[in-house]
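Q: Dropping the sequence and predicted coords here.
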Amino acid sequence: MNFCSNCGGKLSLRVPPGDSLARHVCDGCGTIHYRNPLMVIGTIPEWQDQVLMCRRAIEPRRGFWTLPAGFMELGETTAQAALRETLEEAKAHVELAEAFSLLSIPHVNQVHLFYRARLLDRDFAPGEETLEVGLFGEGDIPWEEIAFRSVSVTLRHLYADRKAGTSGFHAGEIPPPK
């Protein structure tokens, strides 16, 4: 950041009074510009024992498979973001269930939250950011072609829960790649 979005003044990186971390502070008007992690919100759309997945039409990871998810918008709840992203990416109508996984990814300044969701019908199709959509059983998931580790981790938790006959909330962290 170089300039203040409030007045256009030059920014300096310093610890504001009452804070403990360096922030971008406007030299002109004093506005503190906080940079915080981005929220990526999505769903695990389920139809019987299958999961709806999307093949990405955009970078990063174009051509790889993911769950319908994307960046949360200002003014949205996490539930609204999950429903919107599922509709945008897979043109799918779902009923949200519980929040299922919350994964911190500090090396990319993101937090990923996935809700379990029940597909209301099989009327789905690729959205603008999706090449194709499909329902996959556990044995059919293209594990080697999954776009993001948060999706792999979430799906592995889903299938482990199914095998154990339970359903829990899974929180964790995705470390940087080696």
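A: Now that the structure is in, tell me what you want to look at.
Q: Show the subsequent helix or strand relative to the longest strand along the chain.
A: Across the chain, the strand with the greatest residue count (assigned by DSSP state E) is strand 94-105. On the C-terminal side of strand 94-105, the closest following helix or strand by DSSP states H and E is strand 110-119.
Q: List the buried residues in that following strand.
A: Residues of strand 110-119 classed as buried: 110-117, 119 (neighbour count, 16 or more other C-beta atoms under 10 Å). For the C-beta atoms, the positions are set from N, CA and C on the backbone; glycine is no exception.
Q: and the residues you listed as CSV, adding distance to residue 171 and pLDDT?
A: Below are the buried residues of strand 110-119 laid out as CSV (distance: C-beta to C-beta, whole Å; pLDDT from 0 to 100):
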residue, distance to residue 171, pLDDT
110, 15, 98
111, 10, 98
112, 11, 98
113, 10, 99
114, 11, 99
115, 14, 98
116, 15, 98
117, 19, 98
119, 25, 98
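Q: Please enumerate residues in contact with the longest helix seen in the chain?
A: Longest helix in the chain by number of residues (criterion: DSSP state H): helix 149-164. Residues outside helix 149-164 that contact it (C-beta atoms under 8 Å, 6 or more residues apart in numbering) are 40, 44, 49, 51, 65-67, 69, 100-101, 103, 105, 112, 114, 116, 138, 141, 143, 146, 167-168, 170, 172, 174.
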